[in-house]
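Novice: Need coordinates for the following:
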Amino acid sequence: MAEPGRLAPDLEDLEKLIDDLAAGKRRMHELPSNLSAAEAARVRREALERMRGVSLERTGDFSLDAARAASRHCENFIGATQVPVGVIGPLSVRGHFVSPEEDVYVPLATTEGALIASANRGCRAIRESGGAVVRVEDVGMTRAPVFRSGGIDETREFLSWIERNEERIREITESTSNHLRLRDIRPQVFGSSIYLRFRFLTGDAMGMNMATVACDRVIRDLIEPETGLPCLALSGNFCVDKKPSAVNFLEGRGKRVWAEVGLASEVLDRCLKTTAQDLVEVQYRKNLLGSIAAGAMGFNAHFANILAAFFVATGQDVAQVVEGSMGVTTIEARGADGVVASVYMPDLPLGAVGGGTALDTQAEALALLGIELDASEPGAAVTRLAEILGATVLAGELSLLAAFTSSDLARAHEQLGRGPISGDGSA
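Specialist: Purely as a prediction, here's the structure:
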């Protein structure tokens, strides 16, 4: 149907548009503005079907708000890819914004059989151990433009100017959003290249777009005009966004999260089918020595598995799983045949508002997690989200590491990831 206030095109007009796209007379973004988002998506789909000889029927079968998706999230919109969503829990979390009395049920979107069942087993072990203690630090979102100078002396004068004018820089950057606060600016210099790593607090938003807009504004309105040095790229890769990096590992980015739980021998045996000695050894030889041998930047079993499933379900920027999967899992012997298990995630960009969090199913997932914005306490909602994610990652680590000690990994994938499918699609 047409958007409000616009005349709907008739079927003959739509057919002509499909023909034009299929024949290459129009490009995918060159459709009339009087088409609704759903109509434009249909035209593109049918043109692609003719061009490629395929069916996109299921791609066009979606429940999300097409107008929002096409205008805010996805250009040349044609439909949606569906990813199965499962739930794990109840998960017990001992955070500042999640109480251990809550039963938290966590939605995870994945195509990997056995992942949900495995994480659910970790939830049980955590629950029977009194819950995971989780703490979150808001490190801040970063953006690092790169400038070019004429040499060392000009570079030193530029950096001196930045230091002298930090309050003016703060005033301009913070004027771009009511929720943005400049925390600091860290310089790095190589030859004639000057990198300024801006770090911002961004409330409940993940904040990458906020940081980008703020940096662009202050560069155009203040830094370039007054210093005369050109900004060559708004992102100079010293941010560092969507790439594993030592600077983010050491200094953090977004949220920095710690989660831990103590597991007695009875829980290890009953829930995880393992022992303290076996769990400590596989952690040491796999996550630590194996990661060193590989030159890896993540000393963990599979942070990325849980992060990707959580990110897709809750509308996070999925590409940031690359940096989020850096981190360390530790298993330490404690007491009479027990362990303390922990995860540390130094680089976790998360948002409770903005981006994909507003999409229909993702908004439902956040509601399921009890994520509600509170104007009187900015940052509380995203901190709750980070606390839940930290405990969820810990659950995933516990179960997978235990599966290695009991030789359950291959068997679980054989049973849950390769089950027989009948002709009607049921298992």
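
Novice: Every contact and neighbour count from this point should use C-alpha atoms.
Specialist: OK.

Novice: Show me how the record splits this structure into domains.
Specialist: With domains defined by automatic domain parsing, the chain comprises 21-73, 85-138+255-416, 145-233.

Novice: Deepest-packed of those domains, please.
Specialist: For the domains of the chain, average neighbour numbers computed from mean count of other Cα atoms under 10 Å are highest in domain 85-138+255-416, which has a mean of 20.

Novice: Return the distance of it from the chain's centre.
Specialist: 14 Å (Cα atoms, centre = their mean, to the nearest Å).

Novice: Do a quick rundown of the strands in this structure.
Specialist: Counting by DSSP state E, the chain has strands at residues 85-91, 93-94, 104-109, 132-143, 146-148, 181-190, 193-201, 231-233, 253-263, 298-299, 327-334, 338-348.

Novice: Neighbouring strands - and their directions - for the third one?
Specialist: So that's strand 104-109. For strand 104-109, the paired strands and their directions (DSSP bridges) are strand 85-91 (antiparallel).

Novice: The strand it pairs with versus strand 132-143: what angle between them?
Specialist: For strand 85-91 against strand 132-143, the angle by axes from the mean of the first three to the mean of the last three Cα atoms, to 10 degrees is 130 degrees.

Novice: quick revisit: mind putting the domains of the chain in TSV, distance to Glu12 and mean pLDDT included?
Specialist: Formatted as TSV, those follow (distance: least, Cα to Cα, whole Å; pLDDT from 0 to 100):
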stretch	distance to Glu12	mean pLDDT
domain 21-73	12	94
domain 85-138+255-416	32	95
domain 145-233	41	98
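
Novice: Lys242: which of these is closest?
Specialist: Each of the domains of the chain has some distance to Lys242 by Cα to Cα; the shortest is domain 85-138+255-416, at 4.7 Å.

Novice: coming back round to it: okay if I get the strands of the chain as JSON lines plus distance to Pro32?
Specialist: Putting those into JSON lines (distance: least, Cα to Cα, whole Å) gives the following:
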{"stretch": "strand 85-91", "distance to Pro32": "36"}
{"stretch": "strand 93-94", "distance to Pro32": "51"}
{"stretch": "strand 104-109", "distance to Pro32": "35"}
{"stretch": "strand 132-143", "distance to Pro32": "37"}
{"stretch": "strand 146-148", "distance to Pro32": "39"}
{"stretch": "strand 181-190", "distance to Pro32": "41"}
{"stretch": "strand 193-201", "distance to Pro32": "40"}
{"stretch": "strand 231-233", "distance to Pro32": "34"}
{"stretch": "strand 253-263", "distance to Pro32": "40"}
{"stretch": "strand 298-299", "distance to Pro32": "48"}
{"stretch": "strand 327-334", "distance to Pro32": "48"}
{"stretch": "strand 338-348", "distance to Pro32": "41"}
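
Novice: follow-up on the earlier one: can I get the domains of the chain in TSV including distance to Asn248?
Specialist: What follows is these, written out as TSV (distance: least, Cα to Cα, whole Å):
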stretch	distance to Asn248
domain 21-73	27
domain 85-138+255-416	6
domain 145-233	11
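
Novice: just checking, what's the longest helix in this structure?
Specialist: helix 380-405 (DSSP state H).

Novice: So what angle separates the directions of that one and strand 327-334?
Specialist: When the same axes, to 10 degrees is applied, the directions of helix 380-405 and strand 327-334 differ by 60 degrees.

Novice: follow-up on the earlier one: between the strands of the chain, which one is nearest to Ala125?
Specialist: strand 253-263 (7.6 Å).

Novice: what does the closest one contact?
Specialist: The contact list for strand 253-263 (Cα atoms under 8 Å, 6 or more residues apart in numbering) reads 125-126, 129, 131-142, 206, 338-350, 386-387, 390-391, 394.
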